[in-house]
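Student: Build the 3D model from these lines:
(one chain, ligands or ions: 1)
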Amino acid sequence: MTDAFSLPPDAAEPRLPVAARTLELLRTVPGLAPRYAAHPGGVRTLEELAALPPLLKDDLNTALAHLEPRSTTAATWLFQSGGSTGAPKVGYAPTGFYMAGVQEHWQALDRDDVFANAWGAGRMWGAHFLAAALADRAGCRVIALGSITREEYPDWLGFLADRGVTAIGGTPSVLRLWFTHARAAGIKLPALRKVLWLGEAWQPQLEEDLAAVAPQARRWGMFGSTETWVVGTNTPDCPADTFHPLPDQLVHAGPDGLLDFTTLNPEMLNPVLRYRTGDAGGLTDCPCGRPGRAMRVLGRRDNVVQVRGLGLHVDELVARAEREPGVSRAQVVITEDGGRATGVDVLLLAGPGTAVDAAALRTELLSATFTLSTAFQHDPEHVTVRVADALVSNDRTGKTASFVVREATGAAAATPDTAAASDGEAS
Ligand SMILES: [Zn+2]
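Tutor: Numbering: from 1, shown residues only. Coordinates of the predicted model:
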């Protein structure tokens, strides 16, 4: 089974004392202790590691609430870690966000770059600060853009062109907005050579806009989460879905096709031990020729869908709607225009002869769902809740998934994610 790990035993096992210490910490968490009681031994080998139960996001939040880790050398930052309903769940990281180790293996930025950081800042989002830490290591010039409103694109694009920006970074959804607006306004960024991305799968449509706006630009990807921080990186020579794990990150591809991650970094504050992000994937060789095992990420297997760069937990939203008196079933329909979510509609099936107060439910869902209230803070009218005659079904499979993504132009279609998720549903 050791070939299911990103590192061979002779490279990984001398560093497993870090995982053994994480295990001891997790054993002290009252909510998690029983499951580890069945594994009284330590973690000396990859086989022993593979035998431990995987951690899910809720488990990690249970652990963090108990452990409340603090950096001994720097400030401890709290960042949003999934949890799209109610108050944000948190992940922790020290100043620097472990980016020194990333920069050692991935020089996406260098001293001559002028880097526009377009990841949103504030609201406990980590990516903006992580990218800033990378830029700090590179010693380049930084323009801290954050997120902007629709009307502001032309002016800011003009500014970026004037400044000779050579690098920009953001989630692919946000990057698409930048390049779509640039193309629409006829603005070119001839000096742009690097597009850094993190937070979602790469969107192939970006290549088309880049060819028009910034023909020299190439993509540089990072893969990770607020729990694991950066797990792996890729370069323009790698396929967009393939990443080279950092040596501090031990990646395991389970027999069920799900990836899990174990930190080998003694400085890591989050107790990341066989942590599952919900991403499916496997280990592979990368055609770029770089030695060592690479991981191929095939997308989310759980019902978390990216809406404007934030994870929306569809099952939580549907469950809340279905608790409403009179609602027999609910479905989330996400409308996208060129990869960007333009609206979220919650469709309700009402039981026979019952009345549902959809307006009141909408008010409640919006205020209680962090992802919706944040992603649609400028256009909340694009979140609707209404009673429908029927939910949207997949014509091919006949299944009605809990969420559906459709293009703004017309027909609804279940995404591959949806299909995978609905295959696992009992109904
Ligand atoms: Zn590669």
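
Student: Please identify which helix or strand holds Ala212.
Tutor: helix 205-213 (DSSP states H and E).

Student: Helices of the stretch 201-350 of the chain, start to end?
Tutor: For the stretch 201-350 of the chain, applying DSSP state H, counting those that start in this stretch gives helices covering 205-213, 314-323.

Student: Point out the one among the ones you listed that comes closest to Ser71.
Tutor: helix 314-323 (30.9 Å; C-beta to C-beta). Quick note: C-beta positions are derived from backbone N, CA and C, even for glycine.

Student: packing partners for the closest one?
Tutor: In terms of contacts (3 or more C-beta pairs under 8 Å, 6 or more residues apart in numbering; DSSP states H and E), helix 314-323 is packed against strand 327-337, strand 340-350, helix 358-368.

Student: how far is that helix from where the chain is centred?
Tutor: 21 Å (C-alpha atoms, centre = their mean, to the nearest Å).

Student: hmm, who's touching the helix holding Ala212?
Tutor: Helix 205-213 has contacts (C-beta atoms under 8 Å, 6 or more residues apart in numbering) with 172, 175-176, 179-180, 182-183, 187-189, 192, 195, 217, 219, 338-339.

Student: Also stretch 49-57?
Tutor: By C-beta under 8 Å, 6+ apart, stretch 49-57 touches 1, 4-5, 16, 19, 23, 26, 35-36, 39, 43, 63, 81-83, 89, 227, 250, 252, 254, 258, 260, 262, 271-278.

Student: can you tell me the distance between the two ends of that stretch?
Tutor: Using C-alpha to C-alpha, to the nearest Å, the end-to-end distance of stretch 49-57 comes to 19 Å.

Student: go on, stretch 332-347?
Tutor: End-to-end for stretch 332-347, by C-alpha to C-alpha: 6 Å.

Student: What are the buried residues along that stretch?
Tutor: For stretch 332-347, burial by neighbour count (16 or more other C-beta atoms under 10 Å) applies to 332-336, 339-341, 343-347.

Student: for stretch 212-224, same thing?
Tutor: Val213, Ala214, Ala217, Arg219, Trp220, Gly221, Met222, Phe223, Gly224.

Student: quick one: low-confidence parts of the stretch 201-350 of the chain?
Tutor: Residue ranges of the stretch 201-350 of the chain with pLDDT under 70: 300-303.

Student: Show the contacting residues for Pro325.
Tutor: Counting by C-beta under 8 Å, 6+ apart, Pro325 touches Thr354, Val356.

Student: distance of Pro239 from Phe179?
Tutor: To Phe179, Pro239 is 21 Å away according to C-beta to C-beta, to the nearest Å.

Student: Show me which of the two is the more surrounded one.
Tutor: Counting neighbours by other C-beta atoms under 10 Å for Pro239 and for Phe179 shows that Phe179 has the greater number, 26 against 15.

Student: Leaving out chain neighbours, which residue sits closest to the more buried one?
Tutor: Leaving out its chain neighbours, the residue that sits closest to Phe179 by C-beta to C-beta, 6 or more residues apart in numbering is Asp209, at 3.6 Å.

Student: Could you check how far the one you found is from Leu192?
Tutor: Between Asp209 and Leu192 the distance is 12 Å, computed by C-beta to C-beta.

Student: Tally up the residues packed near Leu26, please.
Tutor: 24.

Student: surely it meets Pro34?
Tutor: No - the pair formed by Leu26 and Pro34 falls short of the contact definition of C-beta atoms under 8 Å, at 11.4 Å.

Student: okay, and the common contacts of those two?
Tutor: What both Leu26 and Pro34 touch, as defined by C-beta under 8 Å, 6+ apart, is an empty set.

Student: Where does the stretch 101-250 of the chain get nearest to the ion, residue-wise?
Tutor: Cys238 (3.1 Å; C-beta to the ion).

Student: Report the buried residues of stretch 14-29.
Tutor: Applying 16+ other C-beta under 10 Å to stretch 14-29 flags Arg15, Leu16, Val18, Ala19, Thr22, Leu23, Leu26, Val29 as buried.

Student: okay if I get the buried residues of stretch 212-224 as JSON lines plus distance to Gly158?
Tutor: Formatted as JSON lines, the buried residues of stretch 212-224 follow (distance: C-beta to C-beta, whole Å):
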{"residue": "Val213", "distance to Gly158": "13"}
{"residue": "Ala214", "distance to Gly158": "14"}
{"residue": "Ala217", "distance to Gly158": "18"}
{"residue": "Arg219", "distance to Gly158": "24"}
{"residue": "Trp220", "distance to Gly158": "25"}
{"residue": "Gly221", "distance to Gly158": "28"}
{"residue": "Met222", "distance to Gly158": "28"}
{"residue": "Phe223", "distance to Gly158": "33"}
{"residue": "Gly224", "distance to Gly158": "33"}
